[in-house]
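J.: Predicted model, plus sequence, below.
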Amino acid sequence: MGMSMPSWYDIVGLDSRSSEFCEGLDESMERILSFVENEVSGDDSSATATATACVNPLDYSRIVLAGFSQGGALALYTGMTQSRKQSNVGLGLGGITVMSGYLPRSKAFAIATGSEKTPILHCHGEQDSVVPVQAAALSKERVSSLLKEMGSENSYEVKTYPGLDHSVAIEELNDVAAFLKRVIPPM
C-alpha cells in the first residue's frame, strides 16, 4: 500500500478515505471499456499477437466483468458506473463477479441508468488478511442503497468462505461457474 507495483491502479490504503482517490483507476477503466466495446462492435483493430480477434460481435448481456482483488474492484466500479459508447445508457452487462474485492470511490459511486439490473456475485474469504471480509458487506450496502434510491432492486449476492485468506478456493470457483451459467443467456 503506497508502494509502486504493477496493478490496475495505485492503492494507498484500504480504509474508506483512502479508496476515494485511486490514481490510475480511470485509465484502467478506459482499458476495460475498450475491450468491452471491441467485443460488442466486433472490431479487432486493437487485437494483439496474443489476443484473438473478435469474430462475432457480442451483446452486452453476454459479457461478464470479473476480477480478483483490485481486478474485482475495477470490474464492479466499471460495470456499474459506465455507459455504452456514444450513449447515455449503462452497460447493462450479463453480470459482474468480484472475488476478494471492494467498491473503490464509494462516495462518488453512481450507478449508470441501464445497469441497475446487472447481477453481481461478490465472493470473499472470511480470513482475508489483505481486503477484510467486511468490504464485501460494505460494497453490497452501498450499491443496494443507491439502487433503492433509483427505485430498483438488484441481485447483489455475497458469498463468504470460512478459512479462506486473500486467495481463491474450489468452492468459490464452483459458485462463480454456477453464476456464469445463470447470467449468460444461452445462444
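T.: Everything's here; your move. Being a predicted model, the structure only gives us computed values, none of them experimental.
J.: For the rest of this, base every contact and every neighbour count on C-alpha atoms.
T.: Fine.
J.: the helices in the protein, which residues?
T.: 25-41, 70-81, 134-149, 170-183 (DSSP state H).
J.: among those, which gets the worst mean confidence?
T.: For the helices of the chain, the weakest mean pLDDT is recorded on helix 25-41, namely a mean of 88.
J.: relative to helix 70-81, how tilted is that helix?
T.: When axes from the mean of the first three to the mean of the last three CA atoms, to 10 degrees is applied, the directions of helix 25-41 and helix 70-81 differ by 70 degrees.
J.: elements contacting helix 25-41?
T.: Other helices and strands packing on helix 25-41, by 3 or more CA pairs under 8 Å, 6 or more residues apart in numbering; DSSP states H and E, are helix 70-81.
J.: centre of the chain versus the helix it packs on, how much separation?
T.: 3 Å (CA atoms, centre = their mean, to the nearest Å).
J.: Now that helix - C-alpha only, PDB.
T.: Output of helix 70-81 as PDB, limited to C-alpha atoms (Å, rounded to 0.1, in the frame of the first residue of the first chain):
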ATOM      1  CA  GLN A  70      -8.200  -4.900  -7.500                       C
ATOM      2  CA  GLY A  71      -9.500  -6.500 -10.600                       C
ATOM      3  CA  GLY A  72     -12.800  -7.300  -8.800                       C
ATOM      4  CA  ALA A  73     -12.900  -3.700  -7.600                       C
ATOM      5  CA  LEU A  74     -12.300  -2.500 -11.100                       C
ATOM      6  CA  ALA A  75     -15.000  -4.800 -12.500                       C
ATOM      7  CA  LEU A  76     -17.600  -3.600 -10.000                       C
ATOM      8  CA  TYR A  77     -16.800   0.000 -10.500                       C
ATOM      9  CA  THR A  78     -16.600  -0.100 -14.300                       C
ATOM     10  CA  GLY A  79     -19.600  -2.400 -14.800                       C
ATOM     11  CA  MET A  80     -22.000  -0.300 -12.700                       C
ATOM     12  CA  THR A  81     -20.900   3.300 -13.500                       C
END
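J.: That's all I had, so thanks and see you.
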